[in-house]
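Student: sequence unknown, structure follows:
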C-alpha cells in the first residue's frame, strides 16, 4: 500500500461509520424513550397526582415510541441499501 486514500477506501470507511451509527442508535433509542416517558410521567404526577399510573403510562408510551422509531430507521436503512 502506498498510503493514498482512494475513493473506494473512503466509501468503505463511510459505510462502516454508517453501520456503527446504525447499531448505536438502536440501544440508545430503547433507553431514551422509556426514560423520557418516565420523567414526563413523574413530572405530571407531581402536578396532577395519580401516582404511579402516569409514570407507568409514560414508560409504556416511551417504549412504544422507541420501537416505532427503530422500525422507521430500519425501514429507511433497508430502502437505502436497495
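Tutor: Looks like it came in fine. Just so you know, these numbers come straight off a predicted model, no measurement behind them.

Student: residues in contact with the residue nearest the centre of the chain?
Tutor: Geometric centre of the chain, nearest residue: residue 29, 2.8 Å, by C-alpha atoms, centre = their mean. Residues in contact with residue 29 (C-beta atoms under 8 Å, 6 or more residues apart in numbering) are 66, 69, 70, 73. The C-beta positions use only the backbone N, C-alpha and C, and glycine is treated the same way.

Student: host element of it?
Tutor: Using DSSP states H and E, residue 29 sits in helix 7-48.

Student: off-centre distance for that helix?
Tutor: Helix 7-48 sits 3 Å away from the centroid of its parent chain (C-alpha atoms, centre = their mean, to the nearest Å).

Student: that one: what's the following helix or strand?
Tutor: Downstream of helix 7-48, the next assigned helix or strand under DSSP H and E is helix 53-81.

Student: got the buried residues for that following helix?
Tutor: For helix 53-81, a neighbour-count test (16 or more other C-beta atoms under 10 Å) marks 54, 55, 57, 58, 59, 61, 62, 65, 66, 69, 70 as buried.

Student: what's that helix packed up against?
Tutor: Where contact means 3 or more C-beta pairs under 8 Å, 6 or more residues apart in numbering; DSSP states H and E, helix 53-81 is packed against helix 7-48.

Student: no more questions from me, cheers.
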